[in-house]
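Asks: Provided below are the primary sequence and the corresponding predicted coordinates.
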Amino acid sequence: MSEAGHRVVDAPSLLTAENLVVTYGAIEALHGVSLTVRKGEVVTLIGANGAGKTTTLKTIVGLLRPKYGRVIFDGVDVTGRPTHEIVGRGVALAPEGRGIFPDMTVLENLELGAYRQPDRIQFRRDLEQVCTLFPRVKERLKQRAGTLSGGEQQMVAIGRALMSRPSLLLLDEPSLGLAPLVTQTIFDALSELNRAGLTILLVEQNAHLALARSHRGYVLETGRLVMSGDANALAQDARVREAYLGQ
Ligand SMILES: Nc1ncnc2c1ncn2[C@@H]1O[C@H](COP(=O)(O)OP(=O)(O)OP(=O)(O)O)[C@@H](O)[C@H]1O
Ligand SMILES: [Mg+2]
C-alpha cells in the first residue's frame, strides 16, 4: 500500500474492465465502466449509495453478465464465464454484508471457500495462514458463525475468500458497521496481505481510510467513473473531499 512505499506504477495489469454496461431489467446500473488494477496494487472504488460499486464487483466475478464490455483477468477474457471458473482462475470476493452462513461453524464457512481444494495438506496450510492473520478467527473455529461479532464475521468473510488462494481479492465495504478499532485491524490485515503480494480491489464508503491504504482510486457516480488517480491526490481533491470525505 502507499504506506509500504513500493512501486507498482509500472506493473502489468492483472484486471481490466472495459466499458462495462450492466442492466437490471430496464434499469441500466453501469453505463460503460472501465478500470484497471495492476499486479501488486491496492485500488479503491469510492462512490455514493447506488452508484454501482457492488454491481461492478459482481460483474468482475461473474455473478452478473455485462450487456456490453469485457472483463480481462490475467490476460484472459473471462466475460460471461461462470463464477466458479473465475474464482478458480484466482479472483475472490468478500461480499457486501459478508455472506456468512450463521448456522454453520466458522470452520465450515472457511471450508466453503476451499471447496475446490482437494489437497488436505494444502487446506491445512491455508487455514493456518488465515488463523495467523486473524487470531480471533482461530479461537472461534468451532463456534457457530452467527454468534460472532460483526468484525469477527468480516474476518471470516475475508478468510473464506482467501481459502480459494486468490491473486486478486475483491472486497465490498469491509468496514461497514464496524467500530474504528476493528476496522483498523481489518485494514492492517489487508496491508499485510498486499505486502505479501496479494492484489486488492476495494469498495468503501469510508473513503478517507481506504484511500490512505491504497495506491490508486476511482470515483463512481451513478454508473459512471468520473475521476481516477493516485490515492493521495484523490484524497486531496476538493470535489472528493466535499462529496466523500465530509470536509
Ligand atoms: N437486484 C437489483 N435489481 C434492480 N436494481 C438493482 C439491483 N441491484 C442494484 N440495483 C440498482 O443498481 C444501481 C447500482 O446498485 P449497486 O448495488 O451496485 O450500488 P452500490 O454503489 O453498491 O450502492 P451501496 O453503497 O448502497 O452498496 C442502483 O440504482 C440500484 O438500485
Ligand atoms: Mg454496494
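Replies: Cool, the structure landed. Ligands and ions are numbered 1, 2, ... in the order given.
Asks: From now on I want contacts and neighbour counts done on CA atoms only, so please keep to that.
Replies: Noted.
Asks: And the contacts of the lengthiest helix in the chain?
Replies: Identified as the longest helix of the chain according to DSSP state H is helix 180-195. Applying Cα atoms under 8 Å, 6 or more residues apart in numbering, the contact partners of helix 180-195 are 1, 4, 40-42, 133-134, 151, 155, 174-175, 200, 213.
Asks: Mind checking which of those land in strands?
Replies: 42, 200 (DSSP state E).
Asks: Farthest pair within the contacts of helix 180-195?
Replies: Greatest spacing in the contacts of helix 180-195, by Cα to Cα: G40 and G151 (25.6 Å).
Asks: Tell me, what's the model's pLDDT at the most far-flung residue of the chain relative to its centre?
Replies: In terms of distance from the mean C-alpha position of the chain, A26 ranks first, at 27.5 Å (Cα atoms, centre = their mean). pLDDT recorded at A26 is 95.
Asks: what's the spacing between I86 and S164?
Replies: Going from I86 to S164 by Cα to Cα, to the nearest Å gives 11 Å.
Asks: what about the helices in the chain?
Replies: Counting by DSSP H, the helices of the chain are 53-60, 83-89, 106-113, 120-133, 135-139, 150-162, 180-195, 207-212, 231-236, 238-244.
Asks: More neighbours: I86 and S164, which one.
Replies: S164 (25 against 19; other Cα atoms under 10 Å).
Asks: if I read this right, the more buried one contacts L110, doesn't it?
Replies: No: under the criterion of Cα atoms under 8 Å, S164 is not in contact with L110, lying 9.5 Å apart.
Asks: Kindly list the single helix or strand of this structure that scores lowest on mean pLDDT.
Replies: Here the helix or strand of the chain ranked lowest by mean pLDDT, DSSP states H and E is helix 238-244, holding a mean of 85.
Asks: Check which residues of that one are buried.
Replies: For helix 238-244, a neighbour-count test (16 or more other Cα atoms under 10 Å) marks 240, 244 as buried.
Asks: Residues contacting it, please?
Replies: 46-48, 205, 207-208, 234-235, 247.
Asks: Might you enumerate the residues of this structure proximal to ligand 1?
Replies: 24, 29, 48-55 (Cα under 6 Å from any ligand atom).
Asks: In strands only, show me these.
Replies: Per DSSP E, the residues of the chain next to ligand 1 map to strands at 24, 29.
Asks: Just the buried ones from the residues of the chain next to ligand 1?
Replies: The buried subset of the residues of the chain next to ligand 1 - by 16+ other Cα under 10 Å - is 29, 51-55.
Asks: What about the contacts of helix 238-244, which one has the most neighbours?
Replies: I46 leads these on contacts (other Cα under 10 Å) with 29 neighbours.
Asks: Settle this for me: it is touching Y218, isn't it.
Replies: Yes: contact status for I46 versus Y218: in contact at 6.3 Å, counting by Cα under 8 Å.
Asks: for this protein, which spans come out with low pLDDT?
Replies: 1-7, 9, 246-247 (pLDDT under 70).
Asks: which residues touch G52?
Replies: G52 touches 29-30, 220-223, counting by Cα under 8 Å, 6+ apart.
Asks: What is the nearest of those to P102?
Replies: A29 (30.4 Å).
Asks: my guess is the closest one meets K53, correct?
Replies: No: applying Cα under 8 Å as the test, A29 and K53 come out as separate, 9.6 Å apart.
Asks: okay, now I72: neighbour count?
Replies: 18.
Asks: what about G40 and G151, which has more around it?
Replies: G40 (25 against 21).
Asks: All good on my end, thank you.
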